[in-house]
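J.: With the input below, show me the fold.
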Amino acid sequence: MKVLIFIIFFAILNEAKLLSQVENVTNLGTRTLIPFFYFNALNFKGNDPNFTRVDLFIQVPYTQLTFVKEGNQYSASYEVTAGVYDSTNRLVTEKIWTEKILLNSYSESISRNGSNITQRSLRLIPGKYQLRIHVQDRESKKNATASSDLHVRAFNEAFSLSDIMLIQRYEEKESKKEVIPNITNNIIFSEGGFYIFWEFYNLTTDSNFTFNCKIINSKGKTILEFNTPYTLKTRYNPIFLKIDKSDFSIGDYIITITARSLDSLKKNYYAVSKRIFSRWVGIPKSIVDLNKAIEQMIYITSRDKINELLKIEDQATKYERFVEFWKVKDPTPGTEENELMDEYYGRVEYANEHFSTYMEGWKTDMGMVFIILGPPNNVERRPFNFNTPAYEIWEYYTLNRNFIFVDYTGFGDYRLVNRDYSEWFKYR
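T.: Next up is the predicted model:
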């Protein structure tokens with residue numbers, strides 16, 4: 001019943017201007033677009049001292065591709081065009097390739113955990129360029145383009161570091177390393193920490209070095225810093241370093257690795273940095289606590305369903321089930337956005353900002369009605385007057401109903417009076 005009520009009244013959201021607390025409420029939703037593809041371009045020292053090797057990684061989520069049945073399997077293919085341009089907009093080099101994916105089941109093709117990663121290397125003279133990438137799904141012709149500045153570094157100093165690569169999975173089996181890069185640079189599921197990788201190039205006779213790892217947040221505050229000593233006697237040294245911290249709050253970060261020689265009297269150093277972030281992908285940016293977001297679904301699903309989701313211990317699985325719940329209710333499943341989820345949590349965010357008292361706004365009577373029905377068409381407000389408490393009347397013309405909220409305490413704690421209507425919206 002609650003689901004039907006919410007969907008029926010979803011369309012009345014933007015009909016009227018309001019007063020005071022619910023004044024001029026228009027578009028509450030926040031965009032939840034999922035990128036068509038992710039990419040990283042990383043500098044490494046090449047064999048020729050005059051050139052730098054730039055490794056380009058492209059990651060395309062399965063959910064962005066169209067899979068078709070091919071025998072007992074499901075196939076999809078896409079084409080990548082990657083061009084590097086100089087300051088005069090002249091094409092310096094270009095790579096074009098096609099990828100084909102074969103999966104054994106349909107469920108794999110729609111899994112948000114599935115993606116395809118490819119890598120190509122570019123040989124470039126150090127300097128400043130622009131990288132332009134175009135990816136097209138060959139079946140649906142759906143496509144996307146992205147560009148970024150590309151600073152190609154030289155590696156001609158006494159010692160130096162390549163760019164930092166984030167690692168999605170790192171395992172050692174029988175002296176062999178299994179490495180899957182994290183191209184998204186998102187550390188949201190880094191339970192137990194995560195690994196980073198870089199190459200260290202040493203042209204000196206020094207062999208004792210220390211690497212300082214420092215992570216700062218968007219406000220410049222250091223949230224993690226430690227030193228790790230290494231003895232490195234070769235010119236080329238691949239380094240894997242584990243970051244044990246896993247409780248990153250939602251936000252953006254910069255990780256910096258600084259190498260220092262412990263042998264040289266000059267105490268030379270070399271530093272590289274990388275931007276990383278912790279963010280739920282495909283859900284509104286206002287959601288920073290997944291468990292709370294699940295609790296806030298009380299007006300659109302049952303308590304049993306909420307408890308079922310909350311009991312899932314693995315965060316990645318819980319996130320996937322949460323997204324699946326909202327995907328079923330997506331009014332436009334053929335698009336990248338889920339307008340219903342955006343709007344719902346936009347209303348939750350607005351309720352928290354405007355109706356909070358001693359409890360969060362989404363839990364209040366005003367928040368309850370607002371989240372389910374959206375903003376009223378008209379608000380009549382009466383302030384405290386002698387022995388009469390302050391009250392508000394919310395009018396919904398389309399429903400031909402009014403809701404009266406009374407502040408009995410005088411502290412802004414407005415309670416719904418006509419509880420006969422609240423039977424639609426009460427907590428389960």
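J.: could you pull out the helices for the stretch 251-400 of the chain?
T.: Ranges of helices in the stretch 251-400 of the chain, per DSSP state H, counting those that start in this stretch, are 290-295, 303-310, 315-328, 339-354, 365-373.
J.: Against which helices or strands is the longest one packed?
T.: Helices and strands touching helix 339-354, as assessed by 3 or more C-beta pairs under 8 Å, 6 or more residues apart in numbering; DSSP states H and E, comprise helix 365-373. In short, each C-beta sits where N, CA and C put it, glycine included.
J.: ok so, going back, tell me the most buried of the helices of the stretch 251-400 of the chain?
T.: Among the helices of the stretch 251-400 of the chain, helix 365-373 has the highest mean neighbour count (mean count of other C-beta atoms under 10 Å), at a mean of 24.
J.: Can you lay out the helices of the stretch 251-400 of the chain as JSON lines showing distance to residue 283 and mean pLDDT?
T.: Converted to JSON lines, these look like this (distance: least, C-beta to C-beta, whole Å; pLDDT from 0 to 100):
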{"stretch": "helix 290-295", "distance to residue 283": "7", "mean pLDDT": "95"}
{"stretch": "helix 303-310", "distance to residue 283": "13", "mean pLDDT": "96"}
{"stretch": "helix 315-328", "distance to residue 283": "7", "mean pLDDT": "90"}
{"stretch": "helix 339-354", "distance to residue 283": "7", "mean pLDDT": "94"}
{"stretch": "helix 365-373", "distance to residue 283": "17", "mean pLDDT": "93"}
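J.: just checking, residue 144 touches residue 135?
T.: Yes - using C-beta atoms under 8 Å, residue 144 is in contact with residue 135, at 5.8 Å.
J.: Run through the bridge partners of the residue lying closest to residue 418 once chain neighbours are set aside.
T.: Spatial nearest neighbour of residue 418, chain neighbours left out: residue 404 (5.6 Å); criterion: C-beta to C-beta, 6 or more residues apart in numbering. Legend: beta-bridge partners of residue 404 under DSSP bridges are residue 393.
J.: ok, residue 404 - contacts?
T.: Residue 404 is in contact with 391, 392, 393, 394, 416, 417, 418, counting by C-beta atoms under 8 Å, 6 or more residues apart in numbering.
J.: change it to 7 Å
T.: By C-beta atoms under 7 Å, 6 or more residues apart in numbering, residue 404 lies in contact with 391, 393, 417, 418.
J.: Same check on residue 394?
T.: The neighbours of residue 394, taking C-beta under 7 Å, 6+ apart as the test, are 369, 376, 379, 402, 403.
J.: What's the separation between it and residue 382?
T.: As defined by C-beta to C-beta, to the nearest Å, residue 394 lies at a distance of 13 Å from residue 382.
J.: Ok, residue 284 next?
T.: Counting by C-beta to C-beta, the separation of residue 284 from residue 382 is 35 Å.
J.: The two: which has the busier surroundings?
T.: Just comparing residue 284 and residue 382: by other C-beta atoms under 10 Å the higher neighbour count belongs to residue 284, 22 against 12.
J.: Pretty sure the more buried one sits against residue 342.
T.: Yes - here residue 284 reaches residue 342: they are 5.7 Å apart, a contact under C-beta atoms under 7 Å.
J.: got any ranges where the chain has weak pLDDT?
T.: 1-33, 265, 267, 419-428 (pLDDT under 70).
J.: Walk me through the domains of this structure.
T.: Domain ranges of the chain: 2-31+285-422, 34-156, 175-281, per automatic domain parsing.
J.: nearest to residue 165, of these?
T.: domain 175-281 (4.5 Å; C-beta to C-beta).
J.: Need the distance between the two termini of that closest one.
T.: Using C-alpha to C-alpha, to the nearest Å, the end-to-end distance of domain 175-281 comes out at 35 Å.
J.: Now do that domain: distance to the chain's middle.
T.: Chain-centre distance of domain 175-281: 22 Å, with C-alpha atoms, centre = their mean, to the nearest Å.
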